[in-house]
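Engineer: 3D, please:
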Amino acid sequence: MPRVAIEGNERMSLRIAAAAKAKLVRAAALRNTDLTNFVTQSALREADAVIEEAEVIKVSERDYTRILELLENPPKPNARLRAAVAALPDTI
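Structural biologist: Have a look, this model is predicted:
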C-alpha cells in the first residue's frame, strides 16, 4: 500500500503553470468561492473516488446473489483445498 505523507501543519504548497492557476481562479469565481476552497473540494472529490475504486468491489446483482449463496452454503472442500490446507504451516 502506498505511504501517505502527513505534514505537521495544515498548509500545502503547489507549483503550477500560470495558465493552470488562472483557470482554477476562474472556475472558483464561477462557483462563488475562493481558490483554496475550490481546489480543496475538487481534490477531496477526486480522492474519494480513488479510494472508493481501490476499496470497493462492485459486482452485478447476479454475482452478489451467488456470493451470498456461497457464503451461506459453502461447497464441501475438494481434494485440492484439503491439500492446500494440509500444506499450511501450523502457526499462522
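Engineer: low-confidence regions, this protein specifically.
Structural biologist: Low-confidence segments of the chain, defined by pLDDT under 70: 1-7, 92.
Engineer: so where do the strands sit in it?
Structural biologist: For the chain, applying DSSP state E gives no strands.
Engineer: can you give me the helices for it?
Structural biologist: All helices of the chain, identified by DSSP state H, fall at 18-30, 35-55, 61-72, 79-87.
Engineer: and the ones you listed: which comes nearest Met12?
Structural biologist: helix 35-55 (9.0 Å; Cβ to Cβ). C-beta: built from backbone N, CA, C; applies to glycine.
Engineer: relative to helix 18-30, how tilted is the closest one?
Structural biologist: Computed by axes from the mean of the first three to the mean of the last three Cα atoms, to 10 degrees, the angle separating helix 35-55 from helix 18-30 equals 100 degrees.
Engineer: tell me how far the spatially most central residue of the chain lies from Arg45.
Structural biologist: What sits nearest the mean C-alpha location of the chain, by Cα atoms, centre = their mean, is Ile51, with 1.6 Å. From Ile51 across to Arg45, the span is 11 Å (Cβ to Cβ, to the nearest Å).
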